[in-house]
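> I need the structure of the sequence given here:
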Amino acid sequence: MDLINMLFSEENVRTLLLLVAIGLVANWQMRTFRQEMNNLGMALRREMDERFVAFHKQLKENDFHHLNETIRALTFTLQKNKIIEPMDKEFIDSRLDS
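Purely as a prediction, here's the structure:
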């Protein structure tokens, strides 16, 4: 009987309730933290995807621009060296604009 009284004393019950409350709060905090980290991760992933798409688009545009300028320079050289006719150069250059 003394053992039961000692185990269920007011101080021990209070300590047990305090430990349970701390455990519940810690568990709730960890769930909240995980949820916030997941939300942050998803937002970061979306932003990275958007940046990648914008970078890829810009890179593609730069590649086409560089390619068009190279073709223009080559057709100029070919016309200058009388390998192609001016009409052929105009045709090629008009196709680059579309």
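> Please identify the helix or strand for residue 69.
For residue 69, the host element (DSSP states H and E) is helix 10-80.
> so what does that helix touch, helix or strand wise?
Counting contacts by 3 or more C-beta pairs under 8 Å, 6 or more residues apart in numbering; DSSP states H and E, helix 10-80 packs against helix 86-97. The C-beta positions use only the backbone N, C-alpha and C, and glycine is treated the same way.
> the inter-axis angle of the helix holding residue 69 versus helix 86-97?
Orientation of helix 10-80 against helix 86-97 (axes from the mean of the first three to the mean of the last three C-alpha atoms, to 10 degrees) gives an angle of 170 degrees.
> now the residue most central in space within the chain: how far from residue 42?
Nearest residue to the geometric centre of the chain (C-alpha atoms, centre = their mean): residue 48, 1.6 Å. Using C-beta to C-beta, to the nearest Å, residue 48 is found at 11 Å from residue 42.
> cool, and residue 92?
Residue 92 is 48 Å from residue 42, where distance means C-beta to C-beta.
> Looking at the two, which is more packed in?
residue 92 (16 against 10; other C-beta atoms under 10 Å).
> In terms of pLDDT, where does the more buried one sit?
Per-residue confidence (pLDDT) for residue 92: 91.
> so who does it touch?
Residues in contact with residue 92 (C-beta atoms under 8 Å, 6 or more residues apart in numbering) are 71, 75.
> just for this structure, where's the confidence low?
1, 98 (pLDDT under 70).
> Backbone dihedrals for residue 9, please?
Here is the backbone geometry of residue 9 (degrees, to the nearest 10): phi -70, psi 160.
> no no, residue 83
Dihedral angles for residue 83 - degrees, to the nearest 10 - are phi -90, psi -30.
> For it, give me its contacts.
Residues near residue 83 by C-beta under 8 Å, 6+ apart: none.
> what kind of secondary structure is residue 84 in?
coil (DSSP: H, G, I helix; E, B strand; the rest coil).
> which non-adjacent residue is nearest it?
Leaving out its chain neighbours, the residue that sits closest to residue 84 by C-beta to C-beta, 6 or more residues apart in numbering is residue 78, at 4.5 Å.
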